[in-house]
Every structure is written in C-alpha cells, then in structure tokens.
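Chemist: Pasting the sequence and the predicted coordinates here, then a few questions.
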Amino acid sequence: MNPKRKIPCLPFAAAVAAVALSGCSFSLFPTGTGSTPTRHFVLSSEAPASENLPAVTFSRVTIPSYLDVPQIVQRDGNEISRSEANRWGEPLARGAARELALRCSAAMAEKGAAGTLSAQRVTVSLDRFDGTLDGNVEISAVYAALPKAAAPHAVPAAKNRLFHASVPVASPNDYAAYVRALDDALDLLAEDIAATLSGAPAQDAAPAAAK
C-alpha cells in the first residue's frame, strides 16, 4: 500500500502569516496620512521691547474660565467651540498680560507721558476675548488704574473704566487671521488704557484695520 502523499503546508502557512503580519503592521504603525498637525499660536505685536520705555505694571489680568483652556475658543452667542488642532502656546491670561504691558508702555512713550506712571498699576478683567472665524472678534474689559500702595484686590469704583471693541477677521475660517484679529483687539484696549493713564480723553474704540 502506497503511503499517503504529504502536502507541503509551509508555503500556505507562510502566506497566511505574511498576510497576518501585513495586517498587524498596518494597524500598529499607521502612516498618519490625512492627519491634521496641531498648530500653536501666541499673541504678539510689533511694539518695541526697550529699557527706555516706561514700565506699565499689570498686577492682574483675568479671563473667563471658558477661555482659560489650551484650545483656541470661538463663541457665537451662547455657544462656544474649542479647536483641538489650534491651541495657545502659553496660558492666554499670561500672554495677554505681557502684551498689554508691552503695548501700553510703547503707547505711553509715544504720548510722552511716562511720568504719570510712577504711582500706578493696572488691573484688567477681560469679559470677552473671542468671536467667530467668519465674522468678528469681540473684546470687552473692565480695568482700573490703582496706586501701587493700594491693597492687591482694591478696585476703586470711581476709576473703573469699561471698554468694548469689535474687530473683523480678515480671512474667514483661518485661525491665523483669527489670532491676528485678537491681537488687533488687544491693541485697541492697550491704547485706551494708555490714554487713561496719561490723562488724555480716550477715544471711542473702532474696528481695527486688517493687517
């Protein structure tokens, strides 16, 4: 009786293994094709940084809790949305405080009013600092100039000033343009604060020209 022919199974097993490994390779090591890289932004200006500028002290800058997140926020009425792919490169309140100090210092130098700053510090509460990608950004703030010797949380009501401005987003649906509009809005606030510190009558805020 003839022995049964043994059918080689190695090529078939190898082929199955190759397919399995190929599938594992695809799932375990994705190529990332089509993924969106995360972009990080910071507030920035063209205001010069110089030792010759008057020092404006911002003792406190606060923002609403819904803005105190890494993601860049849009707000349309009562609805907010956060972009996971577009984020701040630093805490927003910290960046706003730095930029306000720099821009106010530059504005005060232009006004020649550095001497009025010796006994003052500024607190700012940003109630709005957001908007929509295809519309305007809104900035609303309450700020006060205080004697440096005053208690840290003292806010004399008589010196409080309300500020609001609306700035168009130059390129709709572009986060870089959205951040530039926020920068322009912060410029308007800094100019208003500088006018108050120098004793000059502050002008009504108007939309900034697109850069």
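Modeler: Good, I have the coordinates. Numbers count the residues shown, from 1 in each chain.
Chemist: Going by C-alpha atoms from here, please, whenever you check contacts or count neighbours.
Modeler: Will do.
Chemist: This structure: helices as residue ranges?
Modeler: In the chain, the segments counted as helices under DSSP state H are 10-28, 92-111, 175-198.
Chemist: least reliable of the ones you listed going by mean pLDDT?
Modeler: Looking at the helices of the chain, the lowest mean pLDDT belongs to helix 10-28 (a mean of 43).
Chemist: pLDDT score assigned to residue 157?
Modeler: 43.
Chemist: And residue 69, how far from residue 79?
Modeler: 16 Å (C-alpha to C-alpha, to the nearest Å).
Chemist: who's more crowded, these two?
Modeler: A direct count of neighbours by other C-alpha atoms under 10 Å for residue 69 and residue 79 places residue 69 higher, at 16 against 7.
Chemist: Let's see the pLDDT reported for the more buried one.
Modeler: In this model, residue 69 carries a pLDDT of 98.
Chemist: residue contacts, it?
Modeler: The contact partners of residue 69, by C-alpha atoms under 8 Å, 6 or more residues apart in numbering, come to 91-92.
Chemist: separation between it and residue 128?
Modeler: If you go by C-alpha to C-alpha, the gap between residue 69 and residue 128 works out to 14 Å.
Chemist: Kindly report the same for residue 162.
Modeler: In terms of C-alpha to C-alpha, residue 162 sits 12 Å off from residue 128.
Chemist: again with residue 184
Modeler: 14 Å.
Chemist: With neighbour numbers in mind, choose between the two.
Modeler: Neighbour totals were compared for residue 184 and residue 128, and residue 184 leads with 27 against 17 (other C-alpha under 10 Å).
Chemist: isn't residue 177 right up against residue 183?
Modeler: No. Counting by C-alpha atoms under 8 Å, residue 177 does not reach residue 183; the two are 9.7 Å apart.
Chemist: for this protein, what spans make up the strands?
Modeler: 39-41, 58-62, 71-76, 79-88, 120-131, 136-147, 161-168 (DSSP state E).
Chemist: got these as a markdown table, with distance to residue 199 columns?
Modeler: As requested, these are exported to a markdown table (distance: least, C-alpha to C-alpha, whole Å):
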| stretch | distance to residue 199 |
| --- | --- |
| strand 39-41 | 34 |
| strand 58-62 | 18 |
| strand 71-76 | 34 |
| strand 79-88 | 34 |
| strand 120-131 | 12 |
| strand 136-147 | 11 |
| strand 161-168 | 13 |
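Chemist: Ok, which of those comes nearest residue 189?
Modeler: For residue 189, the closest of the strands of the chain is strand 161-168, at 7.1 Å, according to C-alpha to C-alpha.
Chemist: Mind giving me the packing neighbours of the closest one?
Modeler: strand 136-147, helix 175-198 (3 or more C-alpha pairs under 8 Å, 6 or more residues apart in numbering; DSSP states H and E).
Chemist: Out of the ones you listed, which is the most enclosed?
Modeler: Each of these was assessed for mean neighbour count using mean count of other C-alpha atoms under 10 Å. The highest is helix 175-198, with a mean of 22.
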